[in-house]
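**Q** This is a predicted model, with the sequence first.
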Amino acid sequence: MFTWLRELRLLARDRSGVLLLFAMPAVLVVVITLVQDNVFKDQGGTRLQGVVVDQDGGTLAGELVAHMARLPRLAVAHHPADDALDAAAARDAVQRGDYRFGVVLPEGMSAMVQQRITQEVEALLAGETAEAPFPAVLPEITLFLDPTLTGGYGAAITGALHQSLAAVQAAARMRTLEQALNQRIAQLNDRMGEMPGGQSLPVLQLAAEEDALIAVAEAAPRDILPTAVQQNVPAWALFGMFFVAVPLAGGMIRERQLGITARLMTMPVARLTLLCGKLGAYVTVCVLQFGLILMVGHWLLPRLGTPALALGNAHGALALLVLSSALAATGFGVMLGALSRTHEQATTLGPITVVIAAALGGLMVPVFAMPPVMQRLSLLSPLGWGHDAFLTLFVRGGDLYAISGRIAALLLFTAVALIAALLATRQRRQHG
């Protein structure tokens with residue numbers, strides 16, 4: 001009993017540590033639950049963002065866009081023909097990941113489809129049994145898909161597009177048929193006195209709505225399809241890199257408690273040199289760790305039955321991204337060590353913070369599958385910046401220019417973390 005009470009008193013003295021023990025797991029539960037909430041919803045959870053470039057401007061094109069916008073799983077941005085966004089710009093936007101999909105409606109689509117439907121109806125009303133001379137070539141809608149979309153999400157988008165096409169096509173057929181029947185009835189009423197006995201309207205067998213009048217073509221087939229390997233290898237390699245913050249912070253706290261830091265400061269060596277030495281050692285560890293994970297993904301996992309990790313063609317950009325990520329992870333560790341007063345605080349705050357940043361950054365669930373609030377919060381995660389950049393290189397075929405913004409953000413995070421650590425160290429030294 002005495003030992004139990006003594007340990008509780010010792011623990012109670014570290015009030016901030018006790019707060020972290022209770023607060024951080026609660027925050028973790030909230031974040032992970034919100035991040036994964038949409039995954040467990042049967043329907044309506046995730047609205048996939050897309051863009052439609054309407055080069056047609058016709059009635060049927062407008063009805064198609066309106067129907068797609070009403071679908072619960074799609075969020076469509078409509079750009080008419082006179083808008084600045086053209087097909088090439090839409091394709092580039094999807095390739096960058098600004099949208100999950102893009103649809104280009106070709107010029108003249110509505111007129112071609114209406115002509116085809118009118119010919120069908122006229123042939124049926126005329127009682128013709130032979131196929132009418134319909135156009136052999138169908139208008140073709142172009143569909144772009146985000147290269148990082150997994151098969152399930154890509155199939156959902158394609159299915160939703162075909163669903164909208166079938167609905168609009170059926171509505172156009174029925175509308176045209178109704179107009180033609182009204183005209184035929186009016187003509188029969190005018191000639192009712194001259195109508196020979198037994199004459200009646202022909203039996204109509206209109207084509208089913210599944211008979212496609214519009215073709216859908218997925219443009220630029222993706223050479224590298226998103227797989228579990230492409231998603232998880234860079235994701236958890238980054239996760240492991242940021243976990244270096246725990247031993248780094250723990251080492252800084254032990255050096256401070258044992259007086260090693262104070263003795264190092266008395267040596268005729270610049271503080272910047274000492275800091276660079278510590279950063280260099282842990283950055284080396286992070287780079288080696290990441291390299292090992294990449295080798296596992298590229299050589300070991302295929303032997304276990306999975307696809308090999310494709311590293312893309314921008315190897316120089318990849319090396320710079322790995323270095324930037326390692327600097328960000330090491331900077332976070334230095335900040336954690338400077339801000340934490342005890343080893344217990346660092347070992348509690350560090351892992352849970354990394355897990356939260358990983359969840360927000362899309363390492364566990366793709367960012368586009370999160371609720372809107374969590375998607376906005378994901379912009380604050382350095383792990384999300386790094387992961388998006390790796391997917392840009394590995395899956396989207398990007399280059400250094402495509403990931404330059406993410407690299408700059410990681411380096412800025414490193415600088416802010418080191419400045420925060422420096423300010424915390426100075427404040428602690430001033431207060432004794």
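**A** Happy to help now that I have it. Residues are numbered from 1 along each chain as shown.
**Q** got the contact list for Thr148?
**A** Neighbour list for Thr148: Gly97, Pro226, Gln230, Pro366, Leu391, Val395, Arg396 [criterion: C-beta atoms under 8 Å, 6 or more residues apart in numbering]. No exception for glycine: its C-beta is placed from N, CA and C like everyone else's.
**Q** what about Val373, how many residues close to it?
**A** The number of residues packed near Val373 is 9, by other C-beta atoms under 10 Å.
**Q** Secondary structure element holding it?
**A** According to DSSP states H and E, Val373 maps onto helix 372-377.
**Q** Would you confirm that Thr142 belongs to a strand?
**A** Yes - applying DSSP: H, G, I helix; E, B strand; the rest coil, one finds Thr142 inside a strand.
**Q** Make sure it is actually in contact with Val104.
**A** Yes - contact criterion C-beta atoms under 8 Å: Thr142 and Val104 qualify, at 4.1 Å.
**Q** Between those two, which contacts overlap?
**A** Ala87.
**Q** which of those two has more neighbours?
**A** Taking neighbours as other C-beta under 10 Å, Thr142 and Val104 compare with Val104 leading, 24 against 20.
**Q** ok, what's across the strand from that one?
**A** For Val104, the beta-bridge partners under DSSP bridges are Val53, Thr142.
**Q** how about the helices in the stretch 101-250 of the chain?
**A** Assigned by DSSP state H, counting those that start in this stretch, the stretch 101-250 of the chain shows helices spanning 109-125, 151-190, 228-242, 245-257.
**Q** Out of those, flag the one nearest Ile356.
**A** helix 228-242 (11.1 Å; C-beta to C-beta).
**Q** just checking, what packs against the closest one?
**A** Using 3 or more C-beta pairs under 8 Å, 6 or more residues apart in numbering; DSSP states H and E, the elements in contact with helix 228-242 are helix 271-295, helix 315-339, helix 343-360, helix 382-394.
**Q** For it, list every residue counted as buried.
**A** Within helix 228-242, the residues scored as buried using 16 or more other C-beta atoms under 10 Å are 229-242.
**Q** same deal with stretch 155-166?
**A** Neighbour counts over stretch 155-166 (16+ other C-beta under 10 Å) mark Ala156, Ile157, Ala160, Leu161, Ser164, Leu165, Ala166 as buried.
**Q** again with stretch 94-108
**A** Buried residues in stretch 94-108 (16+ other C-beta under 10 Å): Val94, Gln95, Gly97, Tyr99, Arg100, Phe101, Gly102, Val103, Val104, Leu105, Pro106, Glu107.
**Q** Ala180 is nearest to which of the helices and strands packed on helix 228-242?
**A** Smallest distance to Ala180 across the helices and strands packed on helix 228-242 (C-beta to C-beta): 52.3 Å, for helix 382-394.
**Q** quick one: Ile394 and Leu292, what's the gap?
**A** Actually, residue 394 is Phe rather than Ile. 17 Å (C-beta to C-beta, to the nearest Å).
**Q** just Leu304 next, same as before
**A** Here Leu304 is placed at a distance of 16 Å from Leu292 (C-beta to C-beta).
**Q** Phe394 and Leu292: who's more crowded?
**A** More crowded of Phe394 and Leu292, by other C-beta under 10 Å: Phe394, with 25 against 12.
**Q** Show me where the stretch 201-350 of the chain dips below the pLDDT cut-off.
**A** 201-226, 259-275 (pLDDT under 70).
**Q** run the last query once more with 50
**A** The stretch 201-350 of the chain contains residues with pLDDT under 50 at 201, 203-210, 221.
**Q** returning to what we had before: adding pLDDT and distance to Arg429, write the buried residues of stretch 155-166 out as CSV.
**A** Below are the buried residues of stretch 155-166 laid out as CSV (pLDDT from 0 to 100; distance: C-beta to C-beta, whole Å):
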residue, pLDDT, distance to Arg429
Ala156, 80, 57
Ile157, 84, 57
Ala160, 84, 61
Leu161, 85, 63
Ser164, 85, 65
Leu165, 85, 69
Ala166, 85, 72
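**Q** which stretch among the helices of the stretch 101-250 of the chain comes nearest Gly384?
**A** Among the helices of the stretch 101-250 of the chain, the nearest to Gly384 by C-beta to C-beta is helix 228-242 (9.3 Å).
**Q** just to revisit the earlier point, can you list the helices of the stretch 101-250 of the chain in TSV and add distance to Arg376?
**A** Converted to TSV, those look like this (distance: least, C-beta to C-beta, whole Å):
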stretch	distance to Arg376
helix 109-125	36
helix 151-190	20
helix 228-242	20
helix 245-257	25
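**Q** gap between Val229 and Pro302?
**A** Val229 is 9 Å from Pro302, by C-beta to C-beta.
**Q** Ok, Gly97 next?
**A** In terms of C-beta to C-beta, Gly97 sits 27 Å off from Pro302.
**Q** what's the answer for Ser378, then?
**A** If you measure Ser378 against Pro302 using C-beta to C-beta, the figure is 31 Å.
**Q** Comparing the two, which residue is more hemmed in?
**A** Set Ser378 next to Pro302 and count neighbours by other C-beta under 10 Å: Ser378 wins out with 23 against 13.
**Q** Kindly provide the distance from the more buried one to Ala408.
**A** Distance from Ser378 to Ala408, counting by C-beta to C-beta: 18 Å.
**Q** Check Gly397 too.
**A** According to C-beta to C-beta, Gly397 and Ala408 sit 21 Å apart.
**Q** quick one, which of those two is more surrounded?
**A** Between Gly397 and Ala408, Gly397 has the larger neighbour count (other C-beta under 10 Å), namely 17 against 12.
**Q** what bits of the stretch 1-150 of the chain have low per-residue confidence?
**A** Using pLDDT under 50, the stretch 1-150 of the chain drops low at 40, 42-44, 129-130, 132.
**Q** Please tell me I have it right and Ser381 contacts Val355.
**A** No - using C-beta under 8 Å, Ser381 is not in contact with Val355; the gap is 11.2 Å.
**Q** Quick check: which element contains Val51?
**A** Element membership for Val51 (DSSP H and E) is strand 48-54.
**Q** quick one: contacts of stretch 298-310?
**A** Everything outside stretch 298-310 that qualifies as a contact, by C-beta under 8 Å, 6+ apart, is Ile224, Thr227, Ala228, Val229, Gln230, Val233, Leu294, Gly297, Leu311, Phe394, Val395.
**Q** His298 and Leu124, how far apart?
**A** On the measure of C-beta to C-beta, His298 and Leu124 end up 60 Å apart.
**Q** Equivalent analysis for Glu178, please.
**A** From Glu178 over to Leu124 the distance is 13 Å, taken as C-beta to C-beta.
**Q** What of Gly240?
**A** Look at Gly240 and Leu124: by C-beta to C-beta, they are 66 Å apart.
**Q** can you give me how far stretch 406-414 is from the chain middle?
**A** Its chain's C-alpha centre and that of stretch 406-414 lie 20 Å apart, by C-alpha atoms, centre = their mean, to the nearest Å.
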